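> Would you be able to build a 3D model of this:
(one chain, ligands or ions: 2)
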Amino acid sequence: MKLLITGGAGFIGSHVVRLFVTKYPEYQIYNLDALTYAGNLANLSDIENAPNYTFIKGDITDAKFLEDMFAELSFDGVIHLAAESHVDRSITDPMSFVMTNVVGTVNLLNAAKNSWVSTGGFDGKRFYHVSTDEVYGSLHNPEDFFTEETAYDPQSPYSASKAASDHFVRAYGNTYKMPVVLSNCSNNYGPNHFPEKLIPLMIHNIQTNKPLPVYGKGENVRDWLFVVDHARAIDAVFHKGKLGETYNIGGFNEWKNLDLVHLLCQIMDRKLGRPEGTSAQLITYVTDRAGHDLRYAIDANKIMNELGWQPSLQFEEGLEKTVDWFLANQTWLENVTSGAYQSYYKGMYANR
Ligand code: NAD
Ligand code: DAU
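Ligands and ions are numbered 1, 2, ... in the order given. Just a heads-up that it's a prediction; the model follows:
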């Protein structure tokens, strides 16, 4: 198995690469990543010398580069995670999301299709597209959940770009009979999470005594899953998922943002030896995100019943682990927040 994982230097991708490199030593794993601001090879420093691992620096918006790479390496499978992933950035710069998430995904589909058609067909091949629950829009009735049948209703430029990419993947499955499979996951958290997203941003700001910016009234609800459990789900879908199908992945773990920030403050007060209530004083209500989705909640029964996957960690345990990781990895955090990680690692790896 020659497996291409895209976006493997990012938050979730690095956990997926690590899981596959260590669990499947017989596979050759290729990690293709453009090393944008979100890509950080330090996330993979523990496995970068593994004999079954190769890093390739490249951009999925470059169709010619992808065609050449597929012609040279003849991958058997693709797990596609590379994306622009932050909703706030999509509001200020939607076109980058169109380029990477839509054009990049179609480039990758074309490269895989052309390579597989010209080398004997689709037998034994698999193109797995990793997507998000945000494509389903926003829930307003507290009893509702997103199922695999929920109609798409994306509300932000980010979710619109992911929805478009999902539609293209399904269209290639239908039109060209490409062997595709998809999953749509809820909010991840854990080690290596880029500190522009809620949980790592709050941990970092609590530690450095900066304001904790809660959008609006903090009433929006997200369904949180530990990133390693998402990587385990991706393993299950890649190996056992039925072609043409979609699997929703989530933790049945809904939290109002404000409650979550208070919980983080309590954990951090305890870990930092501060009197209880100290960090919560940093909470600051700021202007709401434009078009802010109210609630996401995933019905994950299909993957649980059909593929036997379930989350391994309770939320409180996962949050403790996450806080411990950030406190123990100050250099990672300093390099990421200062931007130093980019010049250092970019200098180490040349373009192919
Ligand atoms: P991330 O932003 O941390 O990482 C994205 C990675 O993709 C980075 O390493 C970046 O360098 C790379 N990349 C970006 N543009 C590229 C390009 N043009 N060519 C090649 N590489 C490029 O994202 P993440 O949070 O790890 O999310 C990974 C995937 O999972 C995304 O597709 C995202 O939509 C999806 N997802 C994320 C979450 C979440 O909570 N973070 C939940 C569900 C689904
Ligand atoms: O649901 C899956 C999605 O989860 C993924 O597809 C996205 O890639 C990922 O970024 C995440 O999107 P969210 O917008 O839900 O995550 P974020 O961490 O940006 O925000 C979580 C919630 O916290 C959201 O309601 C906005 C709020 N928030 C966020 C930040 C950064 C704040 O209140 N303050 C903040 O500073």
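
> Please list the residues of the chain that sit near ligand 1.
6-7, 9-13, 33-36, 38-39, 59-61, 81-85, 100, 104, 130, 132, 162, 185, 187-188, 194 (CB under 6 Å from any ligand atom). Bear in mind the C-beta positions are built from the backbone N, C-alpha and C, glycine included.

> Apply 5 Å and report the result again.
Neighbours of ligand 1 within the chain, by CB under 5 Å from any ligand atom: 7, 9-12, 33-34, 36, 38-39, 59-61, 81-83, 85, 100, 104, 130, 132, 185, 187-188.

> Please narrow the residues you listed to those residing in strands.
33, 130, 132, 185, 187-188 (DSSP state E).

> Show me the subset of the residues of the chain next to ligand 1 that also lies near ligand 2.
Checking the residues of the chain next to ligand 1 against ligand 2 by CB under 5 Å from any ligand atom, the ones in range are 85, 132, 187.

> Can you tell me which of those residues are buried?
With burial judged by 16 or more other CB atoms under 10 Å, the buried subset of those is 85, 132, 187.

> Mind putting these into TSV with pLDDT and distance to H204?
Converted to TSV, these look like this (pLDDT from 0 to 100; distance: CB to CB, whole Å):
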residue	pLDDT	distance to H204
S85	98	18
T132	98	23
N187	98	17
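
> now the strands for the stretch 201-350 of the chain?
Counting by DSSP state E, counting those that start in this stretch, the stretch 201-350 of the chain has strands at residues 212-215, 221-226, 246-249, 254-256, 283-286.

> Among those strands, which comes closest to N43?
With CB to CB, the closest approach to N43 among the strands of the stretch 201-350 of the chain belongs to strand 221-226: 15.9 Å.

> what packs against the closest one?
Applying 3 or more CB pairs under 8 Å, 6 or more residues apart in numbering; DSSP states H and E, we find strand 221-226 packed against strand 187-189, strand 254-256, helix 257-272, helix 315-328.

> Next, format those as JSON lines and append distance to P25.
Putting these into JSON lines (distance: least, CB to CB, whole Å) gives the following:
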{"stretch": "strand 187-189", "distance to P25": "26"}
{"stretch": "strand 254-256", "distance to P25": "37"}
{"stretch": "helix 257-272", "distance to P25": "36"}
{"stretch": "helix 315-328", "distance to P25": "25"}
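
> Pick the most buried one from these.
Here the criterion is mean neighbour count by mean count of other CB atoms under 10 Å, and of the helices and strands packed on strand 221-226 the winner is strand 187-189, at a mean of 23.

> And the contacts of that one?
The contact list for strand 187-189, computed with CB atoms under 8 Å, 6 or more residues apart in numbering, reads 11-12, 199-200, 222-227, 230, 296, 318-319, 322.

> State the number of residues packed around V286.
By other CB atoms under 10 Å, the residues close to V286 number 11.

> right, I mislabeled it, should have said K23
For K23, using other CB under 10 Å, the count is 11.

> For it, list the residues it contacts.
Per CB under 8 Å, 6+ apart, neighbours of K23: D235.

> Then the one 10 residues further on?
Contact analysis of D33 by CB under 8 Å, 6+ apart lists 6-10, 13, 39, 55-58, 82.

> Now with 10 Å, please.
By CB atoms under 10 Å, 6 or more residues apart in numbering, the contact list for D33 reads 5-10, 13-14, 17, 39-41, 44, 55-60, 81-82, 349.

> what's the closest non-adjacent residue to it?
Spatial nearest neighbour of D33, excluding adjacent residues (CB to CB, 6 or more residues apart in numbering): A9 at 4.0 Å.

> so the one you found makes contact with L32?
Yes. Assessed by CB atoms under 10 Å, A9 is found in contact with L32 at 9.3 Å.

> hey, what's in contact with both of those two?
With CB under 10 Å, 6+ apart as the test, A9 and L32 both reach 55, 57, 82.

> L307 touches V237, doesn't it?
Yes. The pair L307 and V237 passes the contact test of CB under 10 Å, sitting 6.7 Å apart.

> which neighbours do the two share?
Counting by CB under 10 Å, 6+ apart, the residues touching both L307 and V237 are Y247.

> Neighbour count: those two, which is higher?
V237 (24 against 17).

> and the more buried one, what does it touch?
79, 126, 128, 130, 181-183, 245-247, 249, 303, 307, 309.

> and if you look at N248?
131, 133, 136, 145-150, 182-186, 233, 298-304.

> Buried among those? Need that as a selection in ChimeraX.
A single ChimeraX command is used to select the members of these judged buried by 16+ other CB under 10 Å:
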select :131,133,136,145,146,148,150,182,183,184,185,186,233,298,299,300,302,303,304
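
> Of the contacts of N248, which belong to helices?
Taking DSSP state H, the ones among these that sit in helices are 233, 301-304.

> Q28: which of the residues you listed is nearest?
When these are ranked by distance to Q28 (CB to CB), A233 comes first, at 22.6 Å.

> For the residue lying closest to the closest one once chain neighbours are set aside, give the beta-bridge partners.
In this structure, A233 finds its nearest non-sequential neighbour in I249, 4.5 Å apart by CB to CB, 6+ apart. Note on I249: beta-bridge partners by DSSP bridges are C185.
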